[in-house]
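Asker: sequence first, then the predicted structure:
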Amino acid sequence: MNKVFMLMTFIGVPLSVIGSLMHWPSTLLFVIYCLTIIALASYMGRATESLAIVAGPRIGGLLNATFGNAVELIISIFALREGLVGVVLASLTGSVLGNLLLVAGLSFFIGGLKYKRQTFNVFDARHNSGLLMFAVILAFVIPEVFSFEMDSDETLGLSIGVAIILMTLYLAALFFKLVTHRGVYQSAENAESQHEEEPEWSKGKAILILLLATLAVAYVSENLVHTFETVAEQFGWTELFIGVIIVAIVGNAAEHASAVIMAYKNKMDVAVEIAFGSTLQVAMFVAPLLVLVSLMFETKMPLVFTMPELISMATAALLTIIISNDGETNWFEGLTLLAAYVIMGIGFFLL
Amino acid sequence: MNKVFMLMTFIGVPLSVIGSLMHWPSTLLFVIYCLTIIALASYMGRATESLAIVAGPRIGGLLNATFGNAVELIISIFALREGLVGVVLASLTGSVLGNLLLVAGLSFFIGGLKYKRQTFNVFDARHNSGLLMFAVILAFVIPEVFSFEMDSDETLGLSIGVAIILMTLYLAALFFKLVTHRGVYQSAENAESQHEEEPEWSKGKAILILLLATLAVAYVSENLVHTFETVAEQFGWTELFIGVIIVAIVGNAAEHASAVIMAYKNKMDVAVEIAFGSTLQVAMFVAPLLVLVSLMFETKMPLVFTMPELISMATAALLTIIISNDGETNWFEGLTLLAAYVIMGIGFFLL
Amino acid sequence: MNKVFMLMTFIGVPLSVIGSLMHWPSTLLFVIYCLTIIALASYMGRATESLAIVAGPRIGGLLNATFGNAVELIISIFALREGLVGVVLASLTGSVLGNLLLVAGLSFFIGGLKYKRQTFNVFDARHNSGLLMFAVILAFVIPEVFSFEMDSDETLGLSIGVAIILMTLYLAALFFKLVTHRGVYQSAENAESQHEEEPEWSKGKAILILLLATLAVAYVSENLVHTFETVAEQFGWTELFIGVIIVAIVGNAAEHASAVIMAYKNKMDVAVEIAFGSTLQVAMFVAPLLVLVSLMFETKMPLVFTMPELISMATAALLTIIISNDGETNWFEGLTLLAAYVIMGIGFFLL
C-alpha cells in the first residue's frame, strides 16, 4: 500500500505542476489534484505517527493539527484578500464539521470494526468537551444573537473582542496541557505503550517529510481551489456545498488519514487529539486570526455565520460532546457521527 | 388490583363496541374508552413483565415499545390519509414529550418513593443519550433551520434524506444492541436477577395476551380519537393540546403502566428501556416512516415541526440526558421531569 | 487584611450615610459605596465560613445564597413598583451570569492556582446540573418561544404557571437535600473535615454579624443604584450594561468574596454551593417570586427575557454544566468561565 502511495506521489506532483501550467481541462486536473493530496496525506500521516511515538500523543496530535490547518489558513487569507468572506466562513464551518463528524466518525467506526470497545483519556475528553462548548457554541453563538440588535460596527467590535479572547484562551489551553498539567492526567497505560514500538522514521527525517509534504499539499490545494467553479457547474453543486463539504474533505485529508490509521492501531488518544484538536485549533485560532487579518483588507470579516452554518456546528458539537465525554467509543458511535455528517451534507447540497 | 382491571376489561371492551355502534354521547364514550385502555394497558404491562423475565430487559423493553407504538403508527397513517399533517406532527411531539418526561418522570418518582437510589446500566444510559441527541436534537433541528432558506420541494427532499438516515441508524442500533454488543455492556447484577423470579405467564400465553390487548387498544384508541372534537369543544381545549397532551397520555398508557410497575419493582433497566426506547422508536422509526408513507398521499409531510414543538422536544431531550446520563435516579429527578411536562402542558394548553 | 476591611467598614458605613444625606457628587459616592460593600462582604464571607463549619457545607451555602439574594430581591421589588420591568429582567440575567461565570470562574481559577486539582461532591454537581438545565434552559426558554405565538395575556398566564412550578420545585429541592437525602450523597471526606477546624466566631455571633452586614449592604446598595444614571453618563455605559454587569458584580460581592475564600481553602463543596446555589435561588425563587409580586403592581412582568439575555444565560448554563459535571476543577476551567463572562460583558457593553 505504501508503495502505491509513493508511486502516486512521484507521478502526481509533477503531473499537477505540468497540468496547471499547461491548463489541462478542470475536471481532469480536479481528479489529479485530489489523488495527489490523498497520496501526500499518507506521508503526512506516517511522519506524524513516527513523531507521535517519539514525542507522545499530545504533541503528535498538536503537530498534525497544525500542519493540517496551515494549509487552510493560507488558502483563507488569499480568499479574504479577494473579499470572499462568505466562502471563508463556509470553509471554517466545513472544517469544524469535517473534523468533528467525519474524521472522528470514521476513526471511531473503522477502529470499532476491529476492537469492540476503544478507550481514550477521559480527562482529555472532558477538557475537549469544555473547550468545544466554549468555542463552537458560546463564542460563535453570542456574536450571532447579539448582531440582530447591533449595527455592523458594533458587530465587528464584538467579533474582535471574541477573537482576542478565543486566541488568548487557546494559548492558555496549550500552557495548561504542556506546562502546568503535563502528564497529570496521563494514564499509566499510555506512558508504557510509547516504548512498545519503534518509529518508522527518525525524528529528523519525519520532520523533513512532514514539511515537504505540507508544502506540496499547500501548492496542490491552492490549484485545486481554482478548479472548483468549473467542477461545480459541471456537477450542479452550489458554492456553499463546495465550501462546506468538498473543501473540508480534501483540505482535511491529512487529518483523516492519520486519525483513521491511529484508530485502527487502537491509539485512540492520538486519533481523538487529531480530530478534536484540529477542530479546536480552527475554532479558537484559525477563525479568530482570520477575523483580525481581515481588518487589514477592505472587506472586514465579523464572526457571524449564517444560521444553517451556526446550528450545524452547534448541534455537531453537542452530539460529539455527549458521545465522547465518557472516553469510550465503538463502531456505532462512529456511525452516528457519520450519519450526522450525511444529514448536514444533504442540507448544504440542497440549500 | 388485578381483579379490578380484569373486571374493567371484560365490561369495558363490550361497552366500547356497543357504545360506538349505538352512538352514545361523546363525553360518556370518552370516559369508557379511557378506562378500558387503562385496564388493557395493565394486561400489556403484565405480559411484558413476564416476557422480560424470560427474554431479558432489552428485548422486553423493545417488545413493549413496539406494541405501544404500533397503535400510534396506525392512527397516524389514517390521519395522514386525511391530510392532517399538523395533527400527526403534534402527536409525534406529544409521544416524545410523554415518554421522555411523563413516563420516565413517573417511573423515577414512584420508584424513588420506595427506593432511595435506583440505578440502571450506565452504558445503556449513554447509548440512549447519544441517540436522543442525534435524533431529537440534531435530526429534527437541521430540517427546521435549513427550511427557512429552502422552498418546499427542497425541504421535502431534505426531510426524505433525514428520514432514510434515521431509519438506517435505528436498524444499526438494533444490530449493535442485539448482535455485535449483546451482553457486552450487561451488568453481572442483571444477569443474576433474571433467575430470581418466576414469570407470571408462560412465554406463549404472554405473547397471546399482548397481541390481543394490543388489538383491543388499537380498536378502542381509534374510536377515542373521534370523540376528541366534541370533548375539546365541551372542555374548551385546543386541538394542539389534545394532540400533544391528551393523545399522548392515553396513547402511551401501556408504556406508562409497565414502566411505573417496573420502576416500583426496582427493575430500572426495563423502565428506562420502555421510556427511552419508546421515544427513540417514535423519533427514529415512526416519524421517518410517516414521512415516507406520506409521499403516497396527496399532502406530503416534511419533517418540520412548529417552533414550540421543536424547542419543547429539544429542551426535554437535553434535560433527560443530563438527568439520566449517570445511570442513577431518585424521586426528585422524577419530579423535575414531571415539572417540565406540566410547564409544556400549560404552554400547549394556552397556545 | 481583616484589619483593613474592619477599617474600611467603620469608615465606609458612616461616610455612605453622611455622603448620601449631603448629596456628594455621584462618582465619589459610587466609589465609597463600592468599597464599603466589598468590606462588608468580607464580614459576610467570614460569618458564613464560621457558620459553614458548624452547620456543614450545604446549610452554609444556602445561608450565604439567601443573604446574598435578599438584597437583590428588595431592590428588584422597588424597581418593579416603578414599572422598570426591563431593568429587573436585566439584573436577574446579570445575577445568573455573574454567579455561574464570574463567581464560579474566579473560585475555580484562584483555587486552581494553589491546588492542581480540586474536587467536590459529584452527586451535588449532577443535582445542580439537572436543576440548571431545568430552570435556566427549559423553564426560561419555553415561555420565550411560546410567547412568539401568544398574546400578552396568554404569555402572562404561562409565566405565572412556570413561576409556580419553579418555586414548588425549589422547595422540593430543599426538602430533597435537607430531609430525604440528607447525608446520603455526602462524602466521608467532608464529614471528617468539619472537625478539623475551629470556627472563627460562635454561632450566635456569626449570625448577628451576618444580619448586620446584610442590612448595611442592603442600605448601601440601594443608594448605589441611584448613582448609576450619572455614572453611566460619565463613563458612556448603557443602562443594560449597568443592569447586567455592574449591578451583578457589586450586588454579588458577598458571594464572590465567600466563594473565592472557600476555594482558596480548598473547600470546593462550599464554593460550588455558593455559586450554583445562588444561581438556582435566583432562577427558581427570586425570578418567579418577582413575576408573582408584579401582579400587584400596574406593570406585570412576564418571564420573557430579551434574546441576548436568554441565549447568554442558556449558553452559560450549558458551559457550566459541561465543566462542573465531573466534580473536578482546575485553573483552566475557571479561566474558561471567566472568558465566557468577558465575551458577554463586551456584548452587553456594545448592545
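Answerer: Arrived safely, thanks for sending. Numbering: from 1, shown residues only, chains lettered A, B, ... in the order given.
Asker: and what about the residue of the stretch 251-351 of chain A found nearest chain C, helix, strand or coil?
Answerer: For the stretch 251-351 of chain A, the nearest residue to chain C under the criterion C-beta to the nearest C-beta is residue A:321, separated by 6.5 Å. C-beta: built from backbone N, CA, C; applies to glycine. In the three-state summary, residue A:321 is assigned as helix, counting by DSSP: H, G, I helix; E, B strand; the rest coil.
Asker: residue contacts, it?
Answerer: The contact partners of residue A:321, taken as C-beta atoms under 8 Å, 6 or more residues apart in numbering or on different chains, are A:129, A:132, A:133, C:322.
Asker: most neighbours out of those, which is it?
Answerer: For the contacts of residue A:321, counting by other C-beta atoms under 10 Å in any protein chain shown, the largest number of neighbours falls to residue A:132: 27 neighbours.
Asker: verify the stated contact: that residue with residue A:278.
Answerer: No - taking contacts as C-beta atoms under 8 Å, residue A:132 lies outside contact range of residue A:278: 11.9 Å.
Asker: which ones among the contacts of residue A:321 map onto strands?
Answerer: With strands identified by DSSP state E, none of the entries of the contacts of residue A:321 belong to them.
Asker: out of the residues you listed, who's nearest chain B?
Answerer: Among the contacts of residue A:321, residue C:322 lies closest to chain B (C-beta to the nearest C-beta), at 10.0 Å.
Asker: give the contact list for the closest one.
Answerer: Neighbour list for residue C:322: A:126, A:129, A:130, A:133, A:321, A:325 [criterion: C-beta under 8 Å, 6+ apart].
Asker: at 10 Å instead, please
Answerer: Each residue near residue C:322 by C-beta atoms under 10 Å, 6 or more residues apart in numbering or on different chains is listed here: A:126, A:129-134, A:137, A:318, A:321-322, A:325, B:322, C:129, C:333, C:336.
Asker: thinking again about what came up before, so what's in contact with residue A:132 and residue A:278 at the same time?
Answerer: Jointly contacting residue A:132 and residue A:278 under the rule C-beta under 10 Å, 6+ apart are A:96, A:100.
Asker: any idea how many residues pack against whatever residue of the stretch 51-200 of chain A ends up closest to chain B?
Answerer: Checking the stretch 51-200 of chain A residue by residue against chain B with C-beta to the nearest C-beta singles out residue A:116 as nearest, at 6.3 Å. By other C-beta under 10 Å, 11 other residues sit near residue A:116.
Asker: that one is in what secondary structure piece?
Answerer: For residue A:116, there is no enclosing helix or strand under DSSP states H and E.
Asker: my read is that it contacts residue A:330, right?
Answerer: Yes - counting by C-beta atoms under 10 Å, a contact exists between residue A:116 and residue A:330, whose distance comes to 6.8 Å.
Asker: now residue A:293: how far from chain B?
Answerer: Taken as C-beta to the nearest C-beta, to the nearest Å, the spacing of residue A:293 relative to chain B amounts to 28 Å.
Asker: tally of neighbours for that residue?
Answerer: For residue A:293, the number of neighbouring residues by other C-beta under 10 Å comes to 16.
Asker: hey, where'd the strands end up in the stretch 51-200 of chain A?
Answerer: A:118-119 (DSSP state E, counting those that start in this stretch).
Asker: show me where pLDDT drops low in it?
Answerer: Low-confidence segments of the stretch 51-200 of chain A, defined by pLDDT under 70, span residues A:57-58, A:60-61, A:64-65, A:67-68, A:71, A:183-197.
Asker: residue numbers of it in contact with chain B?
Answerer: Contacts of the stretch 51-200 of chain A with chain B, taken as C-beta under 10 Å from any C-beta of the partner chain, map to A:101, A:112, A:113, A:116, A:117.
Asker: buried among those? Need that as a selection in PyMOL.
Answerer: One line in PyMOL is enough to select the buried ones among these; burial here means 16 or more other C-beta atoms under 10 Å in any protein chain shown:
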select buried, chain A and resi 101+112
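Asker: among the residues of the stretch 51-200 of chain A next to chain B, which two are most distant?
Answerer: Longest distance between any two of those is 22.6 Å, between A:101 and A:116; criterion C-beta to C-beta.
Asker: just the mean pLDDT for stretch A:313-330, thanks.
Answerer: Per-residue pLDDT values across stretch A:313-330 average out to 93.
Asker: re earlier: now do the same contact list for the residue of the stretch 51-200 of chain A closest to chain B.
Answerer: Contacts were defined as C-beta under 10 Å, 6+ apart; by that measure residue A:116 touches A:330, A:331, B:180, B:181, B:184.
Asker: out of the residues you listed, who's near chain C?
Answerer: Restricting the contacts of residue A:116 to those near chain C by C-beta under 10 Å from any C-beta leaves nothing, as none qualifies.
Asker: redo those residues as a markdown table? Include neighbour count.
Answerer: Supplementary listing: these in a markdown table, determined by neighbours: other C-beta atoms under 10 Å in any protein chain shown:
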| residue | neighbour count |
| --- | --- |
| A:330 | 23 |
| A:331 | 23 |
| B:180 | 15 |
| B:181 | 19 |
| B:184 | 12 |
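Asker: farthest pair in those?
Answerer: Looking at the contacts of residue A:116 by C-beta to C-beta, the two members farthest from one another are A:331 and B:184, with 12.0 Å of separation.
Asker: can you list residues touching both of the two?
Answerer: Jointly contacting residue A:331 and residue B:184 under the rule C-beta under 10 Å, 6+ apart are A:116, A:117, B:176.
Asker: state the distance from the second one to residue A:213.
Answerer: Computed as C-beta to C-beta, to the nearest Å, the residue A:117 to residue A:213 distance reads 33 Å.
Asker: how about the first one?
Answerer: Relative to residue A:213, residue A:116 is positioned 34 Å away (C-beta to C-beta).
Asker: just the last one next, same as before
Answerer: Using C-beta to C-beta, we find residue B:176 at a distance of 37 Å from residue A:213.
Asker: which of these two has more residues huddled nearby?
Answerer: Taking neighbours as other C-beta under 10 Å, residue B:176 and residue A:213 compare with residue A:213 leading, 25 against 21.
Asker: just the element for the more buried one, please.
Answerer: With DSSP H and E as the criterion, residue A:213 is inside helix A:203-235.
Asker: next: residue A:300.
Answerer: Taking DSSP H and E as the definition, one finds residue A:300 inside no helix or strand.
Asker: what's the residue nearest to it when sequence neighbours are not counted sitting at in phi/psi?
Answerer: Sequence neighbours aside, residue A:294 is the residue nearest to residue A:300 in space, at 5.1 Å (criterion: C-beta to C-beta, 6 or more residues apart in numbering or on different chains). The phi and psi values for residue A:294, taken as degrees, to the nearest 10, are phi -60, psi -20.
Asker: residue C:253 versus residue A:294, what's the distance?
Answerer: 40 Å.
Asker: again with residue A:66
Answerer: Plainly put, residue A:66 is 43 Å away from residue C:253 if you go by C-beta to C-beta.
Asker: repeat for residue A:277
Answerer: Looking at residue A:277 against residue C:253, where the rule is C-beta to C-beta, the gap reads 39 Å.
Asker: can you check residue A:43 too?
Answerer: Where residue C:253 is concerned, residue A:43 sits at a distance of 58 Å (C-beta to C-beta).
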